[in-house]
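S.K.: Model the structure of this input:
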Amino acid sequence: MRLRVYLHVVFLQKLMLKFWCWMLHLSWILCRAFWFCIFNSELLSMITLIFILVLIFLFPLFFPWYYASELLISFLPYIAVISGVFVWITFVYFRKRMKPGYRFPLRRYFRGISFLVFCFLFFWYSKQFNRFYIHEPFPQTIAQSWSLTILFANIHKDNTDYTGIKKTISDNDPDILMFVEFADHHYDNLKTFLQTRYPYTNSTTRSKKFVGSMVFSKYPLHNKADDFPQWAWRYGHFSLPYHNQEIYFYLVHTSSPDSYSHFIMRNQQLTTLIHDYKSHESNWKQTTIVIWDFNVTPWSPYYTALSATFSGELVDLTKRVPFLFTRGFKPLPIFRAHIDHVWTSLSLDVQSFRVISMPGSDHKAFLFTVQL
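M.R.: This is a model prediction of the structure:
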């Protein structure tokens, strides 16, 4: 019975997706037909653009779990801004060009419908954007001797700015360094510098080419990831005994959904993480820090699923940093996305949280202090 229901759901999803593709095609045909009937070339261009934009922007609302929706929703703030721009265009431009007395009143109806649709898109996406953030600052308390300062960064596998990396570490002097995309050449050039300051390490191997994720600490670390193949699960798990307590860390780096196959791979890795987190001992979750290059934005349905898993146990610190964009989009650097996150147990007191630049990296870095 369940299989039959599942097959029906899959069939309906495919049918709806085909319908959406036909709508895009139909919108273009209709616009060309309108050209021969009632519109001039300037208006045709505007109508074509509006039809296509509306259909594209509405796609994530109806098909949130699809790969195309994941890519679009990653840039949700920009969708809200573009929708706002078209609210202004449809109100001002058409208001000037389509005055009462025109031969075809259908133009005025189109102006009004376009304005209302873009208003809906603007307010909907703006609401989704604002709903994630918590507008309250981090508590400013006096640092205690048992505080831990942690620096996390996607160092970027091709980053050769070793001098800049050393300076960033020296200036901030964190107790723990947590890097992802840490390659062999990084270790070769930073080994002496790091070993004199951070005698304890923990690694998560991704492949033969790259080391993967590396942790450097001033205090002893206990690896908790000996019982599974780290290269497949894409996360490291270790603990740090400090001030009569055990702090448990997850350092996660899921696959980037830059292709459909990587999108499926990332989702499998997230599913594995959720399953493993639930199966771990409950007392670990009282002092847990989950840090990752998540490759998921706060507006993705996959983030919502993870948030539901951690609800009541962990809180995302990046919620308190409005307009946070942690990685640039290579083809168009002006576009940035919020894909890096830090989750901590509710019992941990986070004294400060700063977003800093990591020289040579395409990601922002996080520097924060936790008081036990």
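S.K.: can you count the residues close to the closest residue in space to residue 340 that isn't next to it in sequence?
M.R.: By the measure of CB to CB, 6 or more residues apart in numbering, the closest residue to residue 340 outside its immediate chain neighbours is residue 326, 4.1 Å from it. C-beta here means a position set from N, CA and C on the backbone, and glycine is covered the same way. Around residue 326 sit 22 other residues, with neighbours defined as other CB atoms under 10 Å.
S.K.: How about the contacts made by residue 326?
M.R.: In this structure, residue 326 makes contact with 336, 337, 338, 339, 340, 355, 363, 364, judged by CB atoms under 8 Å, 6 or more residues apart in numbering.
S.K.: How is the protein partitioned into domains?
M.R.: Listed domain ranges for the chain are 2-132, 147-371 (source: automatic domain parsing).
S.K.: and those domains, which is most packed in?
M.R.: Most buried of the domains of the chain by mean neighbour count (mean count of other CB atoms under 10 Å) is domain 147-371; its value is a mean of 18.
S.K.: Span of that domain from start to end?
M.R.: Terminal residues of domain 147-371 are spaced 4 Å apart (CA to CA, to the nearest Å).
S.K.: And residue 246, how close does it get to residue 151?
M.R.: Distance, residue 246 to residue 151, using CB to CB, to the nearest Å: 21 Å.
S.K.: low pLDDT regions in the stretch 1-150 of the chain?
M.R.: Counting by pLDDT under 70, the stretch 1-150 of the chain contains low-confidence ranges at 1-55, 93-111, 137-145.
S.K.: wait, I meant the stretch 151-300 of the chain
M.R.: Within the stretch 151-300 of the chain, the segments meeting pLDDT under 70 span 205-211, 225-233, 281-286.
S.K.: what sits against the residue nearest to residue 156 when sequence neighbours are not counted?
M.R.: Here the nearest residue to residue 156 in space, its sequence neighbours aside, is residue 361; by CB to CB, 6+ apart that works out to 4.3 Å. With contact set as CB under 8 Å, 6+ apart, residue 361 has these partners: 153, 154, 155, 156, 159.
S.K.: name the element residue 85 belongs to?
M.R.: Counting by DSSP states H and E, the secondary-structure element that holds residue 85 is helix 76-97.
S.K.: I'd like the next helix or strand past that helix.
M.R.: Along the chain past helix 76-97, the next helix or strand (assigned with DSSP H and E) turns out to be helix 106-132.
S.K.: Now do that next one against helix 76-97, angle only.
M.R.: Note on geometry: by axes from the mean of the first three to the mean of the last three CA atoms, to 10 degrees, helix 106-132 and helix 76-97 are set 160 degrees apart in direction.
S.K.: Partner strands of the following helix or strand past helix 106-132, with direction?
M.R.: Scanning forward in sequence from helix 106-132, with DSSP H and E defining helices and strands, the next element found is strand 147-154. For strand 147-154, sheet partners with direction are given as strand 176-183 (parallel), strand 364-371 (antiparallel), following DSSP bridges.
S.K.: so which of those comes closest to residue 130?
M.R.: Closest to residue 130 of the strands paired with strand 147-154, according to CB to CB: strand 364-371, at 21.0 Å.
S.K.: quick one, what contacts the residue nearest to residue 126 when sequence neighbours are not counted?
M.R.: Counting by CB to CB, 6+ apart, residue 126 lies nearest to residue 80, which is 4.8 Å off, once chain neighbours are set aside. When the contact criterion is CB under 8 Å, 6+ apart, the partners of residue 80 are 121, 122, 125, 126, 129.
S.K.: Return the distance of residue 80 relative to residue 173.
M.R.: In this view, residue 80 and residue 173 are 39 Å apart by CB to CB.
S.K.: okay but residue 69 is in contact with residue 59, surely?
M.R.: Yes: counting by CB atoms under 8 Å, a contact exists between residue 69 and residue 59, whose distance comes to 6.0 Å.
S.K.: thought residue 297 was touching residue 303?
M.R.: Yes: judged on CB under 8 Å, residue 297 makes contact with residue 303 at a distance of 6.6 Å.
S.K.: how far does the helix holding residue 85 sit from the chain's center?
M.R.: Relative to its parent chain, helix 76-97 has a centroid offset of 26 Å by CA atoms, centre = their mean, to the nearest Å.
S.K.: the strands in the stretch 151-300 of the chain, which residues?
M.R.: Under the criterion DSSP state E, counting those that start in this stretch, the stretch 151-300 of the chain carries strands at the ranges 176-183, 200-204, 210-217, 222-223, 235-242, 245-253, 288-293.
S.K.: Fine by me, we can end here.
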